[in-house]
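Colleague: Provided below are the primary sequence and the corresponding predicted coordinates.
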Amino acid sequence: MEGNFLRILTFNEIKNYEKQILLSESSERFLKRYESLEYKNVFLSHSSEDIDKIPGIIKFLEQFGASVYIDKIDKELPKITNRETAEILKNRIITISKFIVFVTPNSKESKWIPWELGLADGMKDTKNIAILPAAQYESETQWTEMEYLGIYPKIMNYNGNWVVYYPYNNEVIYLRNWLKT
């Protein structure tokens, strides 16, 4: 892949996806569509500090065939986080085929991201886990401060196409194809 350009998703791009939603409905109404637990192929792990970006991230992933689960709107979760919350999330991680961690500079403060990723790592083949890094600028690397994220494939833009990039063997698979496998 020498001479090719890999870049991460930017916050401005995420805002543009959210604007697409707002042209037809509110973010709240958009998220309401995700309350159903019927077929979901992506468990989206994220920092609660990034909740404002989640509608845009869902819209981004939808264009590639994702049906996204997020805990914030799961009506089966208790209102106050407790042991039952952890059990339900563990079950969701087991049963949903793909696991994506939305990583921003806020992620390093999350208590849940490492736990969820650890569960996914123990229960899924690494080929079903991906990191979706995002930052203010496409060249920003602050999200890499959690070293263990380096062992997972990353969702990145490769020469204008969104792909899952495997840095250890320098290969890519189109995001749409990855979501189907």
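Modeller: Received, thanks. Numbering: from 1, shown residues only.

Colleague: going by C-alpha atoms from here, please, whenever you check contacts or count neighbours.
Modeller: Fine.

Colleague: please, where are all the helices along this structure?
Modeller: 11-22, 27-32, 54-62, 83-95, 112-123, 175-180 (DSSP state H).

Colleague: worst mean pLDDT among these?
Modeller: Of all the helices of the chain, mean pLDDT reaches its minimum on helix 27-32 (a mean of 68).

Colleague: re the thing from before, in JSON lines, list the helices of the chain along with distance to residue 167 and mean neighbour count.
Modeller: Shown next, in JSON lines, are the helices of the chain (distance: least, C-alpha to C-alpha, whole Å; neighbours: other C-alpha atoms under 10 Å):
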{"stretch": "helix 11-22", "distance to residue 167": "23", "mean neighbour count": "17"}
{"stretch": "helix 27-32", "distance to residue 167": "33", "mean neighbour count": "14"}
{"stretch": "helix 54-62", "distance to residue 167": "21", "mean neighbour count": "20"}
{"stretch": "helix 83-95", "distance to residue 167": "24", "mean neighbour count": "15"}
{"stretch": "helix 112-123", "distance to residue 167": "17", "mean neighbour count": "16"}
{"stretch": "helix 175-180", "distance to residue 167": "15", "mean neighbour count": "16"}
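
Colleague: I'd like the ones you listed written out as JSON lines, with distance to residue 165 added.
Modeller: Converted to JSON lines, the helices of the chain look like this (distance: least, C-alpha to C-alpha, whole Å):
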{"stretch": "helix 11-22", "distance to residue 165": "19"}
{"stretch": "helix 27-32", "distance to residue 165": "28"}
{"stretch": "helix 54-62", "distance to residue 165": "16"}
{"stretch": "helix 83-95", "distance to residue 165": "22"}
{"stretch": "helix 112-123", "distance to residue 165": "17"}
{"stretch": "helix 175-180", "distance to residue 165": "9"}
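
Colleague: of those helices, which approaches residue 157 most closely?
Modeller: Among the helices of the chain, the nearest to residue 157 by C-alpha to C-alpha is helix 175-180 (9.6 Å).

Colleague: I'd like to know which elements that closest one is packed against.
Modeller: When contacts are defined as 3 or more C-alpha pairs under 8 Å, 6 or more residues apart in numbering; DSSP states H and E, helix 175-180 packs onto strand 161-166.

Colleague: using PDB, write out every CA atom in the strand it packs on.
Modeller: Extracted as PDB, the C-alpha positions of strand 161-166 are listed here (Å, rounded to 0.1, in the frame of the first residue of the first chain):
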ATOM      1  CA  ASN A 161     -12.900   4.300   0.000                       C
ATOM      2  CA  TRP A 162     -13.900   3.300   3.500                       C
ATOM      3  CA  VAL A 163     -12.200   0.100   4.400                       C
ATOM      4  CA  VAL A 164     -11.200  -2.100   7.300                       C
ATOM      5  CA  TYR A 165      -7.400  -1.800   7.400                       C
ATOM      6  CA  TYR A 166      -5.200  -4.600   8.900                       C
END
